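Undergrad: predicted model follows, preceded by the sequence.
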Amino acid sequence: MPHDLDTVDLAVIIPCYNEEVAIGRVVADFRRALPSARIHVYDNASTDRTAQVAERAGATVGHEPFPGKGNVMRRMFSDVDADVYVLVDGDDTYCAADAPAMVRTLLDNQLDMVNGARVTDVRQAYRFGHRFGNRLLTGLVQVIFGKQFEDMLSGYRVFSRRFVKSFPATSSGFEIETELTVHALELRMKTAEVATRYKERPEGSCSKLNTVGDGLRILRMIGLLVKEERPLAFFSTVFAVLALLSIGLSVPIVLEWLHTGLVPRFPTAILSVGIMVVAVLSLVCGLILDTVTHSRREIKRLAYLEIPAPRWPAEVAAARTGGGSAAVARRAPDPEPAALPAARVALS
């Protein structure tokens, strides 16, 4: 019997910027791990020979002239058609041998996204600043949107077709991972998170992530997503802050008026009233936008449901459920990588 993944329409999509040193090895590793998959490398205006090396390694090379990971992912999601997508960075830090298990997890459970949570003992592979920032930003998203993921900023994921084709992709940079996570959480998609090995970059390759700059961009994206997806909570917070400020300014004026019958600080009184008016307007905006957001979410959900859920092809599904169990048992198994630490697998 052929390999069970050979009948699945798989695409490996790899965004790249100046990864000449690593991309050839990444393409070769994923060719071995997923022999039937189409491998697409998208060059994001690199100044080195990334595109030529990827093409020589056997990948289909695309180009995105606008710089930024969000821009190149938007291009990949619109250009590439498949039933299952494997997204991986082109820096050779993720283990290709984990991909078949991630794809099977998605198909076995009819999920829309499997997130690869990074596990490593190599300090240089996952620097303290990146690790701390990831925990901080992931924790913030967990508090606001839900606790489905422990590694929100992972660059190793598997998607269903309906996730990819329903994803609006408005980000331009590294904050795209935050947008991917919130998209899944807001539409209550079925997701899982599994452990995957994380390696040190090969010699001669350097990280494109700016810890402070990109961290601030991600923080800004979280704020924008809260405003877009949780407008009532966002504008209610604005209302509460402004209302407290207005009350704080007005209390001394009111007390003095009660004591003397005079309002000596008239400009402060006007300022207090003005701030309270803005506070009430913020609350009203939150109520109106909350209704609009519910309508937008329903429209996105309907567009998402127009595409069938991911599933095994009929002949493979029959074999995996017992009809061809003997044949499945006889097929050559995938090479088993070294055991990983246990990871939380959470189905929505």
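TA: Nice, I can see it. From a predicted model like this one, the values you see are computed outputs, not experimental measurements.
Undergrad: and the helices in this protein?
TA: Using DSSP state H, the helices of the chain run over residues 23-33, 50-56, 69-79, 99-109, 128-145, 161-166, 176-186, 211-229, 231-260, 266-305, 314-320, 325-330.
Undergrad: Leu10 is nearest to which of those?
TA: When the helices of the chain are compared by CB to CB, helix 99-109 sits nearest Leu10, at 6.8 Å. Glycine gets a C-beta too; all of them are placed from N, C-alpha and C.
Undergrad: could you find the closest non-adjacent residue to His174?
TA: Not quite, residue 174 is Phe, not His. What sits nearest to Phe174 in space, not counting adjacent residues and going by CB to CB, 6 or more residues apart in numbering, is Asp214, at 4.6 Å.
Undergrad: mean pLDDT for the helices of the chain: which is lowest?
TA: Mean pLDDT per stretch puts helix 325-330 lowest among the helices of the chain, at a mean of 40.
Undergrad: ok, now how distant is the residue lying farthest from the centre of the chain from Ile253?
TA: The centre of the chain is farthest from one residue, Thr260, which by CA atoms, centre = their mean lies 60.4 Å away. Between Thr260 and Ile253 the computed distance is 11 Å (CB to CB, to the nearest Å).
Undergrad: also Val158?
TA: To Ile253, Val158 is 61 Å away according to CB to CB.
Undergrad: these two: which is more packed in?
TA: Regarding Val158 and Ile253, a neighbour count based on other CB atoms under 10 Å identifies Val158 as having more, with 30 against 17.
Undergrad: what bridges to that one?
TA: Counting by DSSP bridges, Val158 forms beta bridges with Val86, Val114.
Undergrad: find the nearest non-adjacent residue to Ala33, please.
TA: Ala33 sits nearest to Ala96 (CB to CB, 6+ apart), 4.2 Å away.
Undergrad: what of Ala101?
TA: Here the residue nearest Ala101, using CB to CB, 6+ apart, is Val194, at 7.2 Å.
Undergrad: count of neighbours near that neighbour?
TA: As a burial measure, Val194 scores 19 neighbours (other CB under 10 Å).
Undergrad: that one contacts Ala117, doesn't it?
TA: Yes. Look at Val194 against Ala117 with CB atoms under 8 Å: they come within range, at 6.8 Å.
Undergrad: so what's the residue nearest to Ala101 up against?
TA: Neighbouring residues of Val194 by CB atoms under 8 Å, 6 or more residues apart in numbering: 98, 101-102, 105, 114-117, 343, 345.
Undergrad: nearest to Gly146 among those?
TA: Asn115 (13.2 Å).
Undergrad: look up how far Lys190 lies from the closest one.
TA: Counting by CB to CB, the gap from Asn115 to Lys190 is 12 Å.
Undergrad: more neighbours: which of these two?
TA: Asn115 (27 against 18).
Undergrad: near the residue lying closest to the more buried one once chain neighbours are set aside, how many other residues are there?
TA: Excluding its sequence neighbours, the residue lying closest to Asn115 (CB to CB, 6+ apart) is Glu193, at 4.5 Å. The number of residues packed near Glu193 is 23, by other CB under 10 Å.
Undergrad: also Asp48?
TA: Using other CB under 10 Å, Asp48 has 15 neighbouring residues.
Undergrad: do the same with the one 4 residues further on
TA: By the measure other CB under 10 Å, the count of residues near Gln52 is 15.
Undergrad: let me know the distance separating it from Gly146.
TA: For Gln52, the distance to Gly146 - CB to CB - is 43 Å.
Undergrad: now do the contacts for Cys95.
TA: By CB under 8 Å, 6+ apart, the residues touching Cys95 are 196-199, 337.
Undergrad: and it, what pLDDT?
TA: Cys95 carries a pLDDT score of 93 in this model.
Undergrad: pretty sure Val278 is touching Leu242, no?
TA: Yes. Under the criterion of CB under 8 Å, Val278 makes contact with Leu242 at 5.8 Å.
Undergrad: ok, the two, which is more surrounded?
TA: Ranked by neighbour count (other CB under 10 Å), Val278 and Leu242 place Leu242 first, with 20 against 15.
Undergrad: quick check: chain neighbours aside, which residue is closest to that one?
TA: Counting by CB to CB, 6+ apart, the residue nearest Leu242 is Ala279, at 3.6 Å.
Undergrad: for that neighbour, give me its contacts.
TA: 238-239, 242-243, 246.
Undergrad: what do you get if the cut-off is 6 Å, keeping everything else the same?
TA: Each residue near Ala279 by CB atoms under 6 Å, 6 or more residues apart in numbering is listed here: 239, 242-243.
Undergrad: state the distance from Asp214 to Ser207.
TA: Using CB to CB, Asp214 is found at 10 Å from Ser207.
Undergrad: burial count for Pro267?
TA: 7.
Undergrad: what's the answer for Val263, then?
TA: Neighbour count for Val263, taken as other CB under 10 Å: 12.
Undergrad: ok, Gly248 next?
TA: Neighbours of Gly248 under the rule other CB under 10 Å: 11.
Undergrad: how near is the closest residue to Thr93 other than its chain neighbours to Asp151?
TA: Spatially, and ignoring its direct neighbours in sequence, Thr93 is nearest to Lys199 (5.1 Å; CB to CB, 6+ apart). Counting by CB to CB, the gap from Lys199 to Asp151 is 15 Å.
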